[in-house]
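**Q** what's the 3D shape of this:
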Amino acid sequence: MPRNFEYWDPTATRVWLVFQNHGEAFLMREGYEPGCWELHCKEMPAGEPYAFLAEWVQEFRHCGQSSCFGIPHPDAIEVGLVSWDLPSTDQAAVETGEDAETARGAAEAESPKEQTEAEQLGLAEFRLEAVDNHHFYSVTDGSGVRLSLLVAPRVDIIGAQVASTDGDWGPLSLRKVKQATSPVHGVASDTPFEPGKWLGDAPDFSIDGSSDFILRVHRRDWRADPYAHGLQAEEGYGWTGSLGAEGVEAPPGPCLWSRKTASELQAPPVFQRCADRELVLYELHLGSFTGTGTLRDAAERLVHVRDLGCTAISVMPIHQDARRKCTGEVDRWGYDVISFMAVDSLYGSLEDLVHFVQKAHTLGMAVFIDFVCNHMMWGAPHLYGPQMFLTEETVWGPRPDFSKPQVQRYILAAAELLLQRIGVDGLRVDSTKSIRKYPSGDQDSFGASLLSELVALCRQQGKLAIAEDLEDGDGLLQWGGIGFHLQWDMALFCWIYDALVSPLDEFRKVHMVVKGLVGLAPGRGHALRGRVVFMESHDTAACDRYGRVPAAVHNGKSFLPEGVEEAGDAFQQVGNAMPYPDEEEVAQNPYAARRTALGLVLVMTAPGIPMLLQGQEVCESRPFQWPHGPALDWKRVKNAKGDAATWLQLCRDLIALRTGKGQRATCELGGSPLQGDGVHVFLEHGGILAYLRWFEAEDSRERRHCRARLALVAVNWRNQSYERYSFGVPPSKSWCLALPDVIKLRATPTALNIDPQIYASEDEGLEKVIDNAGDKSMQVKYDMSMKNQLYGRSGDFIKGRELFAMILIIKSPDHTEVLYNAHHLYMFNYYGDDQLEAFYNKWLDIVYNMKHDDLPSNNSLRDTLFRKIEHSKLMAFDINRYKTFDEGHPEKTYAYLTGMIKGYIARGKQERLLKDRELKLSLSSNKTTPALEDADKPAAPIKTKKENEAAASSTGDPPKRPKAKAKSEAASVLPTPSPKSHADKNNKKGKDDEEHDHDELDDGDDGGPGPSGGKVSKKPLDDSEDIFDKDKDPEEMTLQELIDVHVQEVHHGTESTDG
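**A** Next comes the predicted model:
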């Protein structure tokens, strides 16, 4: 069949079209557009592999004595995009990517042996060396330099020239003095690896390092067709035909042949996908979705996705991947693309892709393709030529040069093929940040223009345009900018993830989840908040990144190495996986499944388009690491039991609730409230989150919207269940429970595997202590497991001190030698209003005997203390007043709460003292009269103080004083800090440590705060001490003072000698 072929290279001088099974090459002619070469073939066998052979000119800039050019990237060698005749020397340059000159310099320093020319060249294509001509007096006059060019055997050059950069001299042609040789690939041979050599004398050039010149080489290279529909590897020794009557020999190659489809693709049938509001995405990786990883097999299993309730499939890249091509492993991610048009040969063909899309459409699901055009795999310039790429590369590979119209036309043609000929329903454009910005970070207006053209192409055909930018906090890519319909919302993921994974309630940032629910930038204020929301994606769930959420909850933190930046797409560059928990360990941890289910509820009820990652529907926790795709266990899908079955049903129920297609269908009433944009978070307190969702009517004249439909979502983030929790909602008679018993997963662990390293390093007997602790031992075991997971990631484990402190609640009532940690603040509960002072003393005891590094912040102490006392009836008035304080209020502090408690303790003491006085006065006034025999005796007159002293002096007896209790009998209000405390080990506190000096009760002599600034007075206070001046003359006392003295004497059991 006839077909036109085109090739673009502005540096080309001649181009041939070569068919694999034809012995003759066809010379192409120059087109009207500069750099464009054309050829029309009247008869071409269907699907015949072909390639281009181009003659072109390449320039290099040389300065100094020697330079190496064309060193391939190690990944390009690994995937076979560089010719196979590479030397085995200079491996250090391959592994580290260093310049070969640097590697050779290190080798020369170690060994004085002179290197061969092959060793000097290494893996580079060219090595240019300039030597002073005075070394060659026999052939030159000694002026200038002699230039020596070494050429690798894999490079076929016609000629080489040098010229000064300023045009003062040149061009100077180099002459060929030695032919390159290399062993035949795959054949045993004694032929050595020897580079070719070209020489030339430059009398006007010096090697002082201050001058440089240009090296131009005229070379021949094989090129693939970027517009090809498939790429086929060369399995033999390359093409062996002739290049026409000139008798020019072709270089070895090519490494990849290009292929076109046998027939023109017809326009696909019209498919009307669901509305944007009804979309629920399922991110699918073809290579790991089925055992074979082909498009045909994946199409047969799409029924599973449809039965979940998902209405669209987001397919990870389907274009030819270099790593899949090289290894034959079908489960590779697919982001190392070497074509924007060719379908991966392990997946199938373009026809297979059409079949997959039509099968999804038959099941009522839309298909979106992950379109990667921001980079190609390392080595792509060897495949297509450097004319398509920037000289500056990204961390992922070479970046296309979007400033060239031919590159933009190529990318738009690839997108048009998917949208118009394949029939996909939209594009998810990968890493748009790398398109609208240069690798240096500067703005690329040409890349932004290309994005605008891609979006316009989608909008003109009613297709969806989704961006993955990760740095567009201002909504630049959407209305008011480039025009994408949606973006992946990485911010909401991070906030939900952090709240789920944190094992302690005190560090759960629910207020950030609220911020994520509402949305980020004003530019995203349009429909669906302009975002795709998810709890897992291929980028986040890899085990060398954030990890699968159930495993991360079990781990207590993400799997990102310490110090890795999580902002933007920096986390995607991590490659070293941290220790990952076993699947069975995660399955036995009920908190992992329950918290993951909580996150799923958040995603399915948040504004935006929700997305599930392949395997998430069965709570998959097995690790997968780049470049391998996410696993899906079909045995768990087909024979789901226990938690897997519960999870599968939970996903179905939530999706049905979201789409309004469940038992209580809402489509006829204007759509499910969860599909709308409306969201109002009206409660976020103490770990309880409640918000309303609604679907707005687009036009008030539509009478079918007879009443506003609301959805109420209430979420408990705490590790504590509530039998009931009250809050106000809009009044309505039609409230009903839409999804009862959302989570039926196990609430308590049945068995936990405790790592022996937890306690074996300190005392083997601790295991028996825990096992014999009674009902609370399981909670302690779980706490130990969680904390060990936190510590174990940094190579540390729970120490004996911490373990003793953790089991303090069930063992060892005498804790004078035990040092506390924050665990005890969270575990012990409020004693009750009648034991307020005992509770507060216990609180202070724990705080004072905590290690300084373990001491929580003032805000954490404040919130923890408040949650323990917030239901107190005694302090209800002040607690209700405290609740009215906003965050940042000057009185919403830890010191305010401790001062409030101290005030109630002091008030209680006063009330008890007054009651005691009243009781003693009552007893004193009702004192029994003397015996009958003394009834007639006159009462003794009351003596004054002076008369008593005179009487005492006459008898020689000292005046009687009331007896005070012994010092040891006085009950201390505050505990004395233990001499073993960490605070006593380090008395030199810095400025940063002073923030942990908390405001405590200080009962000094003046009854107020002491001069120490809130520190505890070590002098105990007891009601039995003398608090009145008894040496004062009674005649000078007031009536109340006389009563107080009398009551105190009676209280001490003394008897007044004055009657």
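**Q** make it CA atoms for all contacts and neighbour counts henceforth
**A** Noted.
**Q** could you point out which residue ranges in the stretch 51-200 of the chain have low pLDDT?
**A** Along the stretch 51-200 of the chain, segments meeting pLDDT under 70 span 83-113, 133-143, 183-191.
**Q** what ranges do the strands span in the stretch 601-750 of the chain?
**A** For the stretch 601-750 of the chain, the strands defined by DSSP state E, counting those that start in this stretch occupy 609-613, 678-685, 688-694, 710-716.
**Q** mean pLDDT, distance to D9 and mean neighbour count added to the ones you listed, as JSON lines?
**A** Converted to JSON lines, the strands of the stretch 601-750 of the chain look like this (pLDDT from 0 to 100; distance: least, C-alpha to C-alpha, whole Å; neighbours: other C-alpha atoms under 10 Å):
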{"stretch": "strand 609-613", "mean pLDDT": "95", "distance to D9": "41", "mean neighbour count": "24"}
{"stretch": "strand 678-685", "mean pLDDT": "88", "distance to D9": "53", "mean neighbour count": "16"}
{"stretch": "strand 688-694", "mean pLDDT": "89", "distance to D9": "56", "mean neighbour count": "19"}
{"stretch": "strand 710-716", "mean pLDDT": "88", "distance to D9": "59", "mean neighbour count": "17"}
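**Q** distance to W843 added to those strands, as a markdown table?
**A** Output for those, formatted as a markdown table (distance: least, C-alpha to C-alpha, whole Å):
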| stretch | distance to W843 |
| --- | --- |
| strand 609-613 | 45 |
| strand 678-685 | 23 |
| strand 688-694 | 25 |
| strand 710-716 | 27 |
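**Q** which secondary structure elements does the strand ranked longest in the chain contact?
**A** The longest strand of the chain (DSSP state E) is strand 50-63. Counting contacts by 3 or more C-alpha pairs under 8 Å, 6 or more residues apart in numbering; DSSP states H and E, strand 50-63 packs against strand 12-19, strand 212-223, strand 256-259.
**Q** what packs against the longest one?
**A** Which is strand 212-223. strand 50-63, strand 156-164, helix 380-384.
**Q** and among these, the most buried is which?
**A** Burial of these is given as mean neighbour count (mean count of other C-alpha atoms under 10 Å); helix 380-384 ranks first at a mean of 21.
**Q** which residues touch the very next helix or strand once past it?
**A** With elements assigned by DSSP states H and E, the helix or strand that comes after helix 380-384 is helix 405-416. Identification of contacts with helix 405-416 by C-alpha atoms under 8 Å, 6 or more residues apart in numbering yields 8, 226-227, 340-341, 371, 373, 388, 400-402, 450, 453-454, 457.
**Q** can you go through those residues and name the buried ones?
**A** 8, 226-227, 340-341, 371, 373, 388, 400-402, 450, 453-454, 457 (16 or more other C-alpha atoms under 10 Å).
**Q** and these, which two are the farthest apart?
**A** W8 and L457 (23.9 Å; C-alpha to C-alpha).
**Q** which residues are in contact with the nearest residue to I688 once chain neighbours are set aside?
**A** By the measure of C-alpha to C-alpha, 6 or more residues apart in numbering, the closest residue to I688 outside its immediate chain neighbours is N716, 4.8 Å from it. By C-alpha under 8 Å, 6+ apart, the residues touching N716 are 687-689.
**Q** how far away is N716 from Y830?
**A** 22 Å (C-alpha to C-alpha, to the nearest Å).
**Q** surely Q478 meets D469?
**A** No. Applying C-alpha atoms under 8 Å, one finds Q478 not in contact with D469, separated by 11.3 Å.
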